[in-house]
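[1] sequence and computational prediction follow.
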Amino acid sequence: MVVDSALWALWQLRSLLPLTVPKHWRTGDDIVVLIPGLATNWRFMWQLGDVLAHAGFRVEVLPQLGRMTADVSDLATEVTRALRASGRERPVVLVTHSKGGLVAKRVLLRDPECELVAGTVTLSAPFQGAVAAKLVRGEFRSLRNVVMMRPGTPSTLELAGRSEANSRIVTIAPLIDEIVGRRGPLPGARNIAVSVIGHNRLLAMPRVQQLVVREARRLMQPGRSTDANAPEPSGR
């Protein structure tokens, strides 16, 4: 957990820098859109975005999401609005971390015909709620939005009960996640468990980054099969 916390602190410091999207992220035909987690912006996923760009994807970000402190539904509205405004002829793949996975699922539910999004690859997504949210108290709106991510809240139960988009979701989860807590597979999704400890470390591990590349490519392909759970590949 010490390593996980150190990575969080380092990437948060980096996210304060006035970094611009690099030119090599803007090439490629297949598009992935990065959606970060709570209290982070797109720069928090910089390393993973760079790997995806070098793998041949066009990597796009949504600065208007800020630090992801707004309500999940409101963030999903912003993502959907941005995707529609782009006027693309082909759907994209959303690559997300933590709370970003909840936002992505909301977007998928609003796009049942895959006009905007082919699917999403999620890392450490709290689809059944995040146990760490139980530690949060406060009346500010941003804090209330965190509280609503606790397991068993009406919004958590409602989103978890909506399974019609799950076949377009790939979940990648660590063995132990100090933020999400114990979790089961997302029914109907492609669930991949990796032998990693830590909520944030997934973003930094080369074998996980290559999993994201593989699954993003697969989601781009028509006629894919997405309902089978997948074990962690050996030899990575």
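    Alright, I've got the coordinates.
[2] where in the chain is pLDDT low?
    Within the chain, the stretches with pLDDT under 70 are 1-2, 8, 10-11, 18, 135-144, 147, 222-236.
[3] helices along that one, start to end?
    Applying DSSP state H to the chain gives helices spanning 2-15, 46-54, 72-86, 99-109, 141-147, 154-161, 206-220.
[4] so which of those is the most surrounded?
    Most buried of those, by mean neighbour count (mean count of other C-beta atoms under 10 Å): helix 99-109, with a mean of 26. Where you see a C-beta, it was placed from the backbone N, CA and C, and this is true even at glycine.
[5] so that one versus helix 72-86, what angle?
    Here the directions of helix 99-109 and helix 72-86 differ by 60 degrees (axes from the mean of the first three to the mean of the last three C-alpha atoms, to 10 degrees).
[6] send me helix 99-109 as CSV with only the CA atoms.
    This file holds the C-alpha atoms of helix 99-109, laid out as CSV (Å, rounded to 0.1, in the frame of the first residue of the first chain):
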residue,chain,number,x,y,z
LYS,A,99,-14.7,6.4,-10.6
GLY,A,100,-14.2,6.9,-14.4
GLY,A,101,-15.5,3.3,-14.8
LEU,A,102,-18.9,4.3,-13.3
VAL,A,103,-19.0,7.3,-15.6
ALA,A,104,-18.3,5.1,-18.6
LYS,A,105,-21.0,2.6,-17.7
ARG,A,106,-23.5,5.5,-17.5
VAL,A,107,-22.4,6.6,-21.0
LEU,A,108,-22.8,3.1,-22.4
LEU,A,109,-26.3,2.9,-20.9
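[7] which residues touch it?
    Here helix 99-109 makes contact (C-beta atoms under 8 Å, 6 or more residues apart in numbering) with 34-38, 68, 72-73, 75-76, 79-80, 83, 94, 96, 116-117, 119-120, 122-127, 149, 159, 162, 164-165, 168-169, 171.
[8] residue 188 reaches residue 166, doesn't it?
    Yes - Residue 188 lies in contact with residue 166 (C-beta atoms under 8 Å); the separation is 3.7 Å.
[9] more neighbours, these two?
    residue 166 (22 against 15; other C-beta atoms under 10 Å).
[10] I figured the more buried one was touching residue 187, is that so?
    Yes - look at residue 166 against residue 187 with C-beta under 8 Å: they come within range, at 6.1 Å.
[11] among the contacts of helix 99-109, name the buried ones.
    Neighbour counting with 16 or more other C-beta atoms under 10 Å marks 34-38, 68, 72, 75-76, 79-80, 83, 94, 96, 116-117, 119-120, 122-127, 149, 159, 165, 168-169, 171 as buried within those.
[12] mind checking how far the residue nearest the centre of the chain is from residue 89?
    Residue closest to the mean C-alpha point of the chain, counted by C-alpha atoms, centre = their mean, is residue 96 at 1.6 Å. According to C-beta to C-beta, to the nearest Å, residue 96 and residue 89 sit 23 Å apart.
[13] what of residue 160?
    Distance from residue 160 to residue 89, by C-beta to C-beta: 33 Å.
[14] ok, now residue 122?
    According to C-beta to C-beta, residue 122 and residue 89 sit 25 Å apart.
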